[in-house]
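Participant: coords please:
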Amino acid sequence: MRRSNLFWGIVIVLVGVLLLMQQLGLLVFNFWAIFWPLILILVGIWFLLGPAVFRRDFREEAVSIPLEGATEADVRIRHGAGSLRIGALPNGSELLSGACVGGADVVVHRHGERVKARLRTAHDVWFGFPGTLGGRGLAWELKFNRSVALTLNLESGASESTLDLTDLKVSVLEVQTGASSTEITLPAQAGYTRVAVKSGAAAVSLRLPEGVAGRIYIQSGLAGISVDTSRFPQVSSGYETPGYGTAANKADIRVETGVGSIDIR
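Facilitator: Below you'll find the model as predicted:
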């Protein structure tokens with residue numbers, strides 16, 4: 001039985017029992033008043049007891065996708081708790097090469113010179129909850145071909161992510177992350193890069209290499225926002241490098257965040 005099924009099965013049974021007791025008049029308090037605190041307590045208990053009850057040795061497994069003449073790639077990565085590092089391969093023999101602690105399910109579809117690839121945590125790993133990973137977490141290191149035009153979509157949980165895209169040709173970058181720390185260095189010579197970041201309680205750092213112009217829009221809740229206004233002066237709609245429209249290399253950045261911090265340099 002999957003551990004996520006076991007946990008949520010216990011939660012559903014417990015909630016059902018309490019609701020039934022309330023309908024029968026056996027509870028002397030309002031169940032809905034304690035519903036969310038109860039859920040948080042159960043999740044906290046699972047974080048504490050999960051590693052002791054379900055210990056596993058998460059081994060490192062190699063992942064690889066051959067190039068086979070591909071010039072474009074749409075890559076979606078669904079990563080859980082732990083660390084994720086993305087960088088560039090030193091040569092052009094593969095589209096992607098790397099190592100994943102806990103393994104990864106990889107699905108690849110080819111349409112001529114275009115590749116669609118999906119990487120996600122193995123089916124028996126509970127996505128996004130570090131307490132079920134024996135304390136080690138999912139340490140992934142992935143490197144991509146420098147010459148392929150990339151669309152990257154990343155979903156992560158409670159993780160530490162470092163994306164060094166300096167030498168990659170990323171035209172679209174989409175990041176969705178929860179309680180995490182995410183550091184992104186954008187491409188230096190990709191022409192135009194569209195960036196969309198959605199985060200919860202996260203610390204997000206974006207770095208634009210010298211010579212890359214930026215147009216930045218930030219929508220935030222209680223986030224601390226720091227933008228280098230000497231490079232990206234504030235305008236009516238956000239922040240923008242002078243001469244952005246005619247720049248050879250530029251990034252259009254949109255950030256939506258809740259509680260956390262945003263730092264753009």
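
Participant: Tell me how the chain divides into domains.
Facilitator: For the chain, the domain assignment from automatic domain parsing gives the residue ranges 3-53, 60-264.

Participant: what's the least confident stretch among those?
Facilitator: By mean pLDDT, the lowest-scoring of the domains of the chain turns out to be domain 3-53, with a mean of 68.

Participant: Can you tell me which of the domains of the chain is packed in deepest?
Facilitator: With neighbours defined by mean count of other Cβ atoms under 10 Å, none of the domains of the chain is more surrounded on average than domain 60-264, at a mean of 18. Every C-beta, even on glycine, is put in place using the N, C-alpha and C of the backbone.

Participant: For residue 106, which residues are in contact?
Facilitator: 63, 65, 117-119 (Cβ atoms under 8 Å, 6 or more residues apart in numbering).

Participant: Which two of the residues you listed have the greatest separation?
Facilitator: By the measure Cβ to Cβ, 63 and 118 form the most distant pair in the contacts of residue 106, at 11.9 Å.

Participant: Three-state assignment for the residue lying closest to residue 216 once chain neighbours are set aside, please.
Facilitator: Closest residue in space to residue 216, ignoring its immediate chain neighbours: residue 239 at 4.1 Å, by Cβ to Cβ, 6 or more residues apart in numbering. At residue 239, secondary structure determined by DSSP: H, G, I helix; E, B strand; the rest coil is strand.

Participant: try residue 20
Facilitator: For residue 20, the secondary-structure state derived from three-state DSSP is helix.

Participant: Quick check: the gap between it and residue 11.
Facilitator: Look at residue 20 and residue 11: by Cβ to Cβ, to the nearest Å, they are 15 Å apart.

Participant: repeat for residue 91
Facilitator: 49 Å.

Participant: Return the subset of the contacts of residue 106 lying in strands.
Facilitator: In this view, those that belong to strands under DSSP state E are 63, 65, 117-119.

Participant: Including distance to residue 166, could those go into a markdown table?
Facilitator: Shown next, in a markdown table, are the ones in strands among the contacts of residue 106 (distance: Cβ to Cβ, whole Å):
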| residue | distance to residue 166 |
| --- | --- |
| 63 | 22 |
| 65 | 21 |
| 117 | 21 |
| 118 | 25 |
| 119 | 21 |
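
Participant: Going by distance to residue 156, which of those wins?
Facilitator: The closest of the ones in strands among the contacts of residue 106 to residue 156 turns out to be residue 119 (Cβ to Cβ; 11.9 Å).

Participant: Go ahead and confirm the closest one touches residue 80.
Facilitator: No. Contact criterion Cβ atoms under 8 Å: residue 119 and residue 80 do not qualify, at 11.7 Å.

Participant: got the end-to-end distance for stretch 144-161?
Facilitator: Chord length of stretch 144-161, first to last residue, is 16 Å (Cα to Cα, to the nearest Å).

Participant: and that stretch, how far out from the chain's middle?
Facilitator: For stretch 144-161, the separation from the chain centroid amounts to 8 Å (computed by Cα atoms, centre = their mean, to the nearest Å).

Participant: same deal with stretch 158-168?
Facilitator: Remark: stretch 158-168 is offset 10 Å from the chain centroid, using Cα atoms, centre = their mean.

Participant: so how far does it reach from one end to the other?
Facilitator: Stretch 158-168 has an end-to-end distance of 26 Å (Cα to Cα).

Participant: what's the answer for stretch 45-60, then?
Facilitator: For stretch 45-60, the first-to-last residue distance is 28 Å (Cα to Cα).

Participant: With stretch 218-232 instead?
Facilitator: End-to-end span of stretch 218-232 (Cα to Cα): 13 Å.

Participant: what's in contact with it?
Facilitator: Here stretch 218-232 has contacts from 208, 214, 216, 234, 238-241, 254-265, using Cβ under 8 Å, 6+ apart.
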